[in-house]
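# Predicted model and sequence follow; I will ask about them next.
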Amino acid sequence: MLDLHTFLDYDRVVIQCHDNPDPDAIGAAFALYTFLSERGKDAVIVYSGFSEIRKANLTLLQDALNIPLTYISRDAEETVLDLTGHTLLVTVDCQYGAGNVKKLAADTVAIIDHHVADAPESPLCDIRSFLGSCSTLVWRLLTDAGFSFKDRLDVGTALYYGLYTDTNSLAELVHPLDMDLRDSIKYDAGLIKKLVNSNLSLGDLTIAGKALTTHWILEDTRSAIFEAEPCDPNILGFASDLALQVDNIDSCVVFCNVSGGVKLSVRSCVRETMANELAARLCEGVGSGGGHKDKAGGYISGEKLSEAGLSAAAFLGERFKRYYGEYDLVYSDRFEPDIGAMARYRKKKIPIGFARSADVFPVETDIIVRTIEGDTFITADPDIYIMVGICQEIWPIKREKFDASYNEAEGPYAPDETLWSENRYTPTVKDKKLGDSISLHPYIRPCVPTGESVIYAKKLERRTKVFTAWNQEGYMFGDVGDYLAVREDDSRDAYVIEKNIFKLTYEIAD
């Protein structure tokens with residue numbers, strides 16, 4: 001993880017966007033430029049590509065926010081800039097040496113990006129492919145560095161628009177940090193509206209229309225694949241929204257080739273297929289994907305696609321068929337578990353955490369609990385608690401079940417952070433109506449399982465989607481090796497326990 005203060009050790013910083021930059025690259029670069037300039041550094045933003053920026057929304061963004069961009073011809077020598085001496089080159093929204101960015105000869109390089117790593121990393125490197133935009137990463141780095149957004153509406157607007165465009169009008173938000181940027185940043189709403197209304201040209205509409213005629217329909221799964229010409233990611237979203245309105249299509253993906261890989265826009269209108277999970281599966285092992293349950297997006301590395309020896313359409317076709325043939329469905333409200341095929345387990349007496357929802361917000365407040373697994377919606381009530389597991393996984397529980405399963409412990413809540421994943425995120429709670437957001441951690445208290453509560457569980461041999469008692473419109477996804485579990489005292493309370501968490505927290509019951 002980068003500390004932006006290390007950039008202040010250099011006399012000059014050159015910030016480079018990828019060739020033919022988009023709003024995300026420009027917004028992230030401008031925010032970093034502002035941070036350095038305010039601290040007296042000699043900073044400059046450069047880009048290359050086929051020509052200087054001409055797209056209407058980009059020229060408006062540049063002019064309205066006074067973003068100083070310097071164009072370097074693609075044919076210019078690598079040494080067009082003097083990057084020797086105590087100068088730092090920072091590639092933003094791209095990776096030094098990758099195919100979508102002109103390589104400039106530099107002694108010291110830093111990388112800030114949100115795409116899958118496809119070039120040699122620099123010691124000064126922060127690549128978080130689980131984020132929906134590079135603007136999110138720069139916002140997080142600036143926040144950690146103590147940058148104040150209070151009086152910098154221009155920076156907030158640039159970052160917000162970068163996130164907006166790279167996540168298809170915020171429909172394909174990937175990570176809780178993307179949502180935090182969306183919810184917390186102050187921006188010029190009037191300018192954003194102008195930018196949005198300057199985003200499409202007649203040529204873009206032609207591309208979207210042509211994409212809808214280049215398709216492959218998978219009738220047995222009511223899904224479809226559409227191919228578009230290289231275009232702005234928002235065109236893909238526009239086309240996929242239209243495609244989903246076809247009466248025999250429940251899910252679809254629209255893709256196009258972009259520099260370095262393939263960009264996807266994914267849609268679903270049925271609860272059995274969440275678009276974010278489908279996007280993640282389509283890109284699994286070859287890129288990254290995520291978003292909302294209805295709208296999502298993804299990116300596939302061109303290098304990984306070449307290794308597969310398939311065209312993008314053929315690759316996606318195979319992934320679609322594999323996806324729809326690999327899972328079972330469990331509806332907890334009508335689930336009849338085969339207890340004879342399951343073993344009895346109880347939780348080990350390992351401290352975890354809990355918070356009383358009514359301690360966080362007033363009773364009857366609609367709450368969004370934001371976690372790495374997604375948003376959970378509950379209503380503040382003295383009888384509703386929020387459990388926090390050893391890996392910061394979250395689940396709601398009724399007080400009567402809590403009292404039967406856990407004992408409150410003494411002392412402060414002290415989680416073992418070594419168990420958290422690399423894309424860890426501190427759970428936050430948000431007033432759904434007012435938008436106020438706060439960290440859940442100050443309200444978390446320690447508790448220990450009593451060992452009296454028993455579950456039946458079995459290891460999954462196929463991927464499984466479980467519609468829990470808490471959420472019948474979305475599902476918990478269980479991978480092969482995870483565990484399907486039901487409470488002994490409530491066979492309709494079915495859910496999934498991730499295999500590593502299961503091994504750490506459960507033991508065979510006597």
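That came through, no problem.

# residues in contact with the most centrally placed residue in the chain?
Central residue of the chain (C-alpha atoms, centre = their mean): Val174, 1.8 Å from the mean position. Contact analysis of Val174 by C-beta atoms under 8 Å, 6 or more residues apart in numbering lists 130-132, 167, 276, 288-291, 297. From N, CA and C alone the C-beta is placed, and that goes for glycine too.

# Let me know the helix or strand that it is in.
Remark: Val174 resides in no helix or strand, with elements defined by DSSP states H and E.

# List the contacts of the closest residue to Phe361 other than its chain neighbours.
Distance criterion C-beta to C-beta, 6 or more residues apart in numbering; nearest residue to Phe361, sequence neighbours excluded, is Ala380 at 4.5 Å. Applying C-beta under 8 Å, 6+ apart, we find Ala380 in contact with 357-358, 360-367.

# Could you let me know which of these ends up closest to Lys194?
Taking C-beta to C-beta as the measure, Lys194 lies nearest Asp366 of these, at 32.8 Å.

# what's the spacing between stretch 224-242 and its chain's center?
Centre-to-centre, stretch 224-242 and its host chain are 20 Å apart (C-alpha atoms, centre = their mean, to the nearest Å).

# Compute the first-to-last residue distance for it.
With C-alpha to C-alpha, to the nearest Å as the measure, the first residue of stretch 224-242 is 12 Å from its last.

# Report the buried residues of it.
Of the residues in stretch 224-242, 224-228, 231-242 count as buried by neighbour count, 16 or more other C-beta atoms under 10 Å.

# Out of those, name the ones that lie in strands.
Counting by DSSP state E, the part of the buried residues of stretch 224-242 found in strands is 224-227.

# any chance of those residues in CSV, with distance to Thr91 and pLDDT too?
What follows is these, written out as CSV (distance: C-beta to C-beta, whole Å; pLDDT from 0 to 100):
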residue, distance to Thr91, pLDDT
Ala224, 36, 94
Ile225, 32, 95
Phe226, 32, 95
Glu227, 29, 95
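
# if we can go back for a sec, make CSV out of the contacts of Ala380 and add secondary structure.
Listed next are the contacts of Ala380 as CSV, based on DSSP: H, G, I helix; E, B strand; the rest coil:
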residue, secondary structure
Ser357, helix
Ala358, helix
Val360, helix
Phe361, coil
Pro362, coil
Val363, coil
Glu364, coil
Thr365, coil
Asp366, strand
Ile367, strand
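
# for those, which one is nearest Ala211?
Asp366 (38.5 Å).

# Surely that closest one is in contact with Phe377?
Yes - taking contacts as C-beta atoms under 8 Å, Asp366 lies within contact range of Phe377: 7.1 Å.

# Name the spans of the stretch 151-300 of the chain whose pLDDT lies under the cut-off.
Across the stretch 151-300 of the chain, nothing is flagged by pLDDT under 70.

# mind listing the strands for it?
215-218, 223-227, 251-258, 261-268, 287-291, 295-301 (DSSP state E, counting those that start in this stretch).

# The stretch 401-510 of the chain too?
For the stretch 401-510 of the chain, applying DSSP E, counting those that start in this stretch gives strands covering 406-408, 428-431, 437-439, 445-449, 454-459, 463-467, 476-478, 483-487, 490-497, 506-508.

# Save the ones you listed as TSV, and put in distance to Cys283 too.
Formatted as TSV, those follow (distance: least, C-beta to C-beta, whole Å):
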stretch	distance to Cys283
strand 406-408	38
strand 428-431	26
strand 437-439	29
strand 445-449	37
strand 454-459	26
strand 463-467	16
strand 476-478	15
strand 483-487	26
strand 490-497	22
strand 506-508	31
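
# out of those, nearest to Ile45?
Here strand 437-439 is closest among those (C-beta to C-beta), at 31.3 Å.

# tell me which strands and helices the closest one is in contact with?
For strand 437-439, the packing partners by 3 or more C-beta pairs under 8 Å, 6 or more residues apart in numbering; DSSP states H and E come out as helix 176-184, strand 428-431.

# need these in CSV with mean neighbour count and distance to Glu507, can you?
As requested, the helices and strands packed on strand 437-439 are exported to CSV (neighbours: other C-beta atoms under 10 Å; distance: least, C-beta to C-beta, whole Å):
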stretch, mean neighbour count, distance to Glu507
helix 176-184, 21, 32
strand 428-431, 20, 31
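
# and of those, who's closest to Leu202?
helix 176-184 (30.0 Å).

# From the contact counts, what lies against the closest one?
By 3+ C-beta pairs under 8 Å, 6+ apart, helix 176-184 packs against helix 134-144, helix 153-166, strand 366-371, strand 428-431, strand 437-439.

# which residues are contacting the fourth one?
Same thing as strand 428-431. By C-beta under 8 Å, 6+ apart, strand 428-431 touches 176, 180, 183, 360-361, 365-370, 386, 436-440, 443.

# where in the stretch 351-500 of the chain is pLDDT low?
In the stretch 351-500 of the chain (pLDDT under 70), the answer is 372-374, 419-424.

# Mind doing that once more with 50?
The stretch 351-500 of the chain contains no residues with pLDDT under 50.

# Need the per-residue pLDDT for the nearest residue to Arg281 once chain neighbours are set aside.
Leaving aside its chain neighbours, Arg281 sits nearest to Tyr323 (5.1 Å; criterion: C-beta to C-beta, 6+ apart). As predicted, Tyr323 sits at a pLDDT of 91.

# give me phi/psi at Tyr323?
Phi and psi for Tyr323, reported as degrees, to the nearest 10, are phi -60, psi -50.

# cool, the one 10 residues further on as well?
Summarising the backbone geometry of Asp333 under the convention degrees, to the nearest 10, its torsions are phi -70, psi -10.

# I'd like the contacts of Ala380 as CSV, with distance to Arg152 and neighbour count appended.
What follows is the contacts of Ala380, written out as CSV (distance: C-beta to C-beta, whole Å; neighbours: other C-beta atoms under 10 Å):
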residue, distance to Arg152, neighbour count
Ser357, 35, 23
Ala358, 37, 17
Val360, 31, 19
Phe361, 30, 21
Pro362, 33, 8
Val363, 38, 11
Glu364, 37, 9
Thr365, 32, 19
Asp366, 32, 14
Ile367, 30, 24
